[in-house]
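Participant: Any chance you could fold what I've pasted below:
(one chain, ligands or ions: 1)
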Amino acid sequence: MTAARTIEACLRDVERPVRTILERCLEGVELPWEDAVALCGARGPALHALSLTADALRALQAGDRVGYVVNRNINFTNACVKACKFCAFARGHRSEEAYFLGEDEVVRRALEAQSLGATEVCVQAGLAPGVDGRVYVRLCRAIKAAAPALHIHAFSPEEVKYGAGLAGVSIAAYLEELRDAGLGSLPGTSAEVLDDDVRRRIAPGRITTAEWIDVVRTAHALGLPTTSTLMYGHIETDAQRMRHLDLLRSIQKSTGGFTEFVPLSFVHHESPMHRKGLLEGLRPGPTGNEVIALYAIARLMLGATFRNIQVSWVKEGARQAQWLLACGANDLGGTLMNESISTAAGAGHGQFMAPSTLRRMIRDAGRTPVQRGTRYEALREFGPVETSDEARDALDALADPDGAFGSYELLTRDDRFRFHLKRAPRDA
Ligand code: SF4
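Facilitator: Okay, here's the model as predicted:
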């Protein structure tokens with residue numbers, strides 16, 4: 001049976017309102033967020049039909065190739081002046097577990113990653129107290145000086161706002177400084193749900209929706225692309241999720257600066273708002289069905305303008321991540337090497353995925369792997385079947401990745417990197 005006939009057959013079992021919405025999507029009609037809300041509760045045949053529709057649109061919009069990037073995360077400090085209720089990663093500056101990696105250590109990690117084939121470092125961290133506003137600029141300069149070919153993907157809108165505030169300059173001026181120091185793109189994290197009511201409840205004092213949009217739009221205008229994210233499965237409603245996607249779509253239509261959309265399941269285990277029972281009605285992350293529906297809806301709403309819907313294997317685990325490739329996704333993210341934020345929250349899916357493992361997952365899903373750069377440019381093409389002459393990456397040859405990269409837990413106990421307020425880096 002062809003894909004079109006499979007969808008047609010599946011749609012016959014779906015009730016009229018949902019069926020009509022999906023048929024319109026297949027005809028290329030833009031999905032309004034109000035209609036998307038009706039898809040959020042899809043289960044059984046409706047969920048199958050939704051997934052098949054998303055998969056068909058994925059094939060049209062992004063083809064059969066699935067990308068991955070060889071990168072390393074460097075979460076250089078967990079010391080933070082804020083106390084977002086969902087965040088299990090941050091520590092107050094007096095905590096025995098607060099750490100700070102100085103420039104030398106960040107550069108060492110970047111060079112090590114490059115020697116193992118990485119093309120990107122992803123640098124994000126807490127908002128350390130006591131630093132000066134140029135701390136992020138100096139980090140970019142140091143990485144770029146040591147490893148000019150590495151793409152620096154760094155600093156959430158919240159960090160950009162923090163740095164600009166400390167430096168006493170506008171967001172635009174600060175982003176220009178970062179760009180001139182070697183920044184290549186920004187993660188679109190700190191978005192959570194772009195709805196100020198939700199934000200006030202889960203992270204009072206965090207960057208507002210308007211400020212997040214301002215940083216992202218300004219970055220795009222300066223030629224700095226960003227990713228985009230949604231953290232879901234906590235207190236938000238279906239309507240708030242869908243309005244978030246609609247907002248991202250409207251920004252993308254005007255700037256074209258988003259490289260991809262990455263849904264991020266809320267990991268509840270160690271989250272303060274779960275452990276301490278801080279919020280009434282808090283859910284322990286999305287269910288499996290909700291995750292599938294969200295990815296599929298993201299393809300329906302964003303695929304035409306974003307093209308790339310990325311799966312976070314750190315949040316979903318390898319098995320669910322692979323299945324999501326059949327529900328609208330066309331990218332598996334990065335090798336990571338280190339991961340602290342989801343690990344601290346109790347995600348439990350590890351911090352490293354070897355390139356050969358990513359390729360195996362992709363091929364096993366019936367798709368073709370491609371190693372890509374941060375801007376989704378193809379760097380290495382692979383065939384649909386593994387060949388004997390397929391070069392093994394240096395990363396694949398690592399006997400003990402955990403030993404080589406270290407863990408978040410060890411980092412919080414390593415006296416060499418203990419955070420001291422008085423020794424927080426400041427401009428001389
Ligand atoms: S989410 Fe970011 S800003 Fe909020 S407490 Fe955690 S590290 Fe700090």
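
Participant: Can you find the helix or strand of this structure with the lowest average pLDDT?
Facilitator: Comparing every helix and strand of the chain by mean pLDDT, DSSP states H and E singles out helix 341-345 as the least confident one, with a mean of 81.

Participant: all strands for the stretch 1-150 of the chain, in order.
Facilitator: 65-69, 71-74, 120-123 (DSSP state E, counting those that start in this stretch).

Participant: hang on, the earlier thing: next helix or strand past the least confident helix or strand of the chain?
Facilitator: helix 355-364 (DSSP states H and E).

Participant: packing partners for the helix or strand just after that following helix?
Facilitator: Next helix or strand after helix 355-364 toward the C-terminus (DSSP H and E): strand 368-372. Contacts defined by 3 or more Cβ pairs under 8 Å, 6 or more residues apart in numbering; DSSP states H and E place strand 368-372 against strand 65-69, helix 355-364, strand 378-381. C-betas here are computed from N, CA, C, even on glycine.

Participant: Alongside the ligand, which residues does this structure contribute?
Facilitator: Contacts of the chain with the ligand, taken as Cβ under 6 Å from any ligand atom, map to Cys80, Lys82, Ala83, Cys84, Cys87, Phe89, Ala90, Gly126, Leu127, Glu158.

Participant: Just put these in TSV and tack on pLDDT.
Facilitator: Output for the residues of the chain next to the ligand, formatted as TSV (pLDDT from 0 to 100):
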residue	pLDDT
Cys80	97
Lys82	96
Ala83	95
Cys84	97
Cys87	96
Phe89	94
Ala90	95
Gly126	97
Leu127	98
Glu158	98
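
Participant: Show me the strands in the stretch 251-400 of the chain, by range?
Facilitator: Using DSSP E, counting those that start in this stretch, strands in the stretch 251-400 of the chain cover 258-265, 331-334, 368-372, 378-381.

Participant: Show me the helices in the stretch 151-300 of the chain, by range?
Facilitator: Here the stretch 151-300 of the chain has its helices, by DSSP state H, counting those that start in this stretch, at 157-167, 171-180, 196-202, 209-221, 238-255, 272-275, 288-306.

Participant: Low-confidence regions, the protein specifically.
Facilitator: Filtered on pLDDT under 70, the chain yields the residue ranges 1, 428.

Participant: Centre-most residue in it?
Facilitator: Nearest to the geometric centre of the chain sits Val262, at 5.0 Å (Cα atoms, centre = their mean).

Participant: how close does that one sit to Ile309?
Facilitator: Distance, Val262 to Ile309, by Cβ to Cβ, to the nearest Å: 8 Å.

Participant: One more: Thr226?
Facilitator: Distance, Thr226 to Ile309, using Cβ to Cβ: 15 Å.

Participant: now swap in Glu97 and tell me
Facilitator: Counting by Cβ to Cβ - Glu97 and Ile309 are separated by 35 Å.

Participant: Looking at these two now, which is surrounded by more residues?
Facilitator: Ile309 (27 against 16; other Cβ atoms under 10 Å).

Participant: returning to what we had before: give me the beta-bridge partners of the residue nearest to the centre of the chain?
Facilitator: Note on Val262: beta-bridge partners Thr229, judged by DSSP bridges.

Participant: my guess is it meets Ser228, correct?
Facilitator: Yes. Val262 is within contact range of Ser228, at 7.2 Å (criterion: Cβ atoms under 8 Å).

Participant: of the helices of the stretch 151-300 of the chain, which approaches Thr20 most closely?
Facilitator: Among those, the nearest to Thr20 by Cβ to Cβ is helix 288-306 (13.4 Å).

Participant: Kindly calculate the angle that that closest one makes with helix 238-255.
Facilitator: Angle, helix 288-306 to helix 238-255, by axes from the mean of the first three to the mean of the last three Cα atoms, to 10 degrees: 20 degrees.

Participant: and helix 288-306, what other elements does it pack with?
Facilitator: By 3+ Cβ pairs under 8 Å, 6+ apart, helix 288-306 packs against helix 33-40, helix 45-62, strand 226-232, helix 238-255, strand 258-265, helix 313-324.

Participant: Output the fifth one in PDB with nothing but the alpha carbons.
Facilitator: What follows is the C-alpha trace of strand 258-265 in PDB, where atoms were taken according to Å, rounded to 0.1, in the frame of the first residue of the first chain:
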ATOM      1  CA  PHE A 258      15.300  29.700  13.300                       C
ATOM      2  CA  THR A 259      17.400  26.700  12.200                       C
ATOM      3  CA  GLU A 260      15.000  24.200  13.900                       C
ATOM      4  CA  PHE A 261      12.400  23.500  16.500                       C
ATOM      5  CA  VAL A 262      13.300  21.200  19.400                       C
ATOM      6  CA  PRO A 263      10.400  20.000  21.700                       C
ATOM      7  CA  LEU A 264      11.800  19.400  25.200                       C
ATOM      8  CA  SER A 265       9.800  17.200  27.500                       C
END
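
Participant: Correct me if wrong: Gly133 contacts Lys161.
Facilitator: No. Using Cβ under 8 Å, Gly133 is not in contact with Lys161, being 10.9 Å away.

Participant: Between these two, point out the one with more neighbours.
Facilitator: Lys161 (22 against 18).

Participant: Quickly note the distance from the more buried one to Val215.
Facilitator: On the measure of Cβ to Cβ, Lys161 and Val215 end up 6 Å apart.

Participant: Need the overlap of contacts for these two.
Facilitator: Ile171, Ile207 (Cβ atoms under 8 Å, 6 or more residues apart in numbering).

Participant: Break the protein down into its domains, please.
Facilitator: Per automatic domain parsing, the structural domains of the chain span 3-58, 65-417.

Participant: tell me the contacts of the nearest residue to Glu176 once chain neighbours are set aside?
Facilitator: The shortest distance from Glu176 to any non-neighbouring residue, by Cβ to Cβ, 6 or more residues apart in numbering, is to Leu222 (6.2 Å). Leu222 is in contact with Ala172, Leu175, Glu176, Arg179, counting by Cβ under 8 Å, 6+ apart.
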